[in-house]
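Trainee: predicted model and sequence follow; I will ask about them next.
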Amino acid sequence: MSAYSTFLTFLRACAIVLVGPVTVSSPATASTAGRTEFEILMNGKPIGRHSVTVSKSADITNVRIAIDMAGKIGPIGFTYRHRCEEAWRGTQLTSLNCTDKENRSSKSVAANLRGTDLVVDGTGYKGSAPASLLPSSWWRFSTINQTRLLDSRDGKLSRVNVNRVGEEVLQIGGTPVRANHYRVRGAVNTDLWYDGTGRWVRTAFKIAGQSFDYRKVTTLTGSPRE
């Protein structure tokens, strides 16, 4: 695998939560607003940030997602920028607008609820999708119950899988936190962690010998959950 191909695969890992058919009940707590941010490490060195900001207005939940990275894989330098806005009414996605830029390559997707379907207009797929489909953003714990996801980079419909590994204790801001660990198998191998209330607290994966880790830099109490 070339360094640039590895880089593209890595970017896909950063924009898709690959999860799947294992059904796990969502935590019983109510949906909350808040903000979570992660420092992205590659082989232990910082290369960027990933943030999710959730706010509420009447019966609509608005979500803003931002990913920025810059670094090198071998001799190849890269930059990456992802911006996405989601709107939800309860557990129903009503709209999605995302732009994605990898070096000089750009992708995008827009999706809107129309009756019983999501109408998708993306660089990777144009057409209808089930209204129950969730996007590949990581903040929603219920994503782990899906067998297909809407790719937030380009609108492709992705088949996904997940297995629960078990409960572990993570150190977040110097505080021990019990978290459920899920091991993902799909286009990439990814590990995800959520605390007992469904808040996303960590992601880690390896690609072509490169190790990537999301280290949470915001407080747990201020983090959003669905």
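Mentor: Yep, that arrived.
Trainee: could you give the bridge partners of Ser128?
Mentor: Ser128 forms beta bridges with Val119, as assigned by DSSP bridges.
Trainee: how about the contacts made by it?
Mentor: Asp117, Leu118, Val119, Val120 (C-beta atoms under 8 Å, 6 or more residues apart in numbering). The way it works is simple: take the backbone N, C-alpha and C, and place the C-beta from them, glycine included.
Trainee: in space, what's closest to the first one - neighbours in sequence excluded?
Mentor: Spatial nearest neighbour of Asp117, chain neighbours left out: Ser128 (4.3 Å); criterion: C-beta to C-beta, 6 or more residues apart in numbering.
Trainee: name the nearest of the contacts of Ser128 relative to Tyr194.
Mentor: For the contacts of Ser128, the minimum distance to Tyr194 (C-beta to C-beta) is 24.6 Å, reached by Leu118.
Trainee: wait, that closest one touches Leu93, no?
Mentor: Yes - assessed by C-beta atoms under 8 Å, Leu118 is found in contact with Leu93 at 6.9 Å.
Trainee: joint contacts of those two?
Mentor: Residues touching both Leu118 and Leu93 (C-beta under 8 Å, 6+ apart): Ala111, Ala131, Leu133.
Trainee: most neighbours among the residues you listed, which one is it?
Mentor: Within the shared contacts of Leu118 and Leu93, most neighbours by other C-beta atoms under 10 Å means Ala111, with 26 neighbours.
Trainee: what is the least confident helix or strand in this structure?
Mentor: Least confident helix or strand of the chain, by mean pLDDT, DSSP states H and E, is helix 3-15 with a mean of 45.
Trainee: mind listing what's buried in the next helix or strand after that one?
Mentor: Reading on from helix 3-15 to the C-terminus, the next helix or strand found by DSSP states H and E is strand 34-42. When burial is assessed from 16 or more other C-beta atoms under 10 Å, strand 34-42 yields the following buried residues: Gly34, Thr36, Glu37, Phe38, Ile40, Leu41, Met42.
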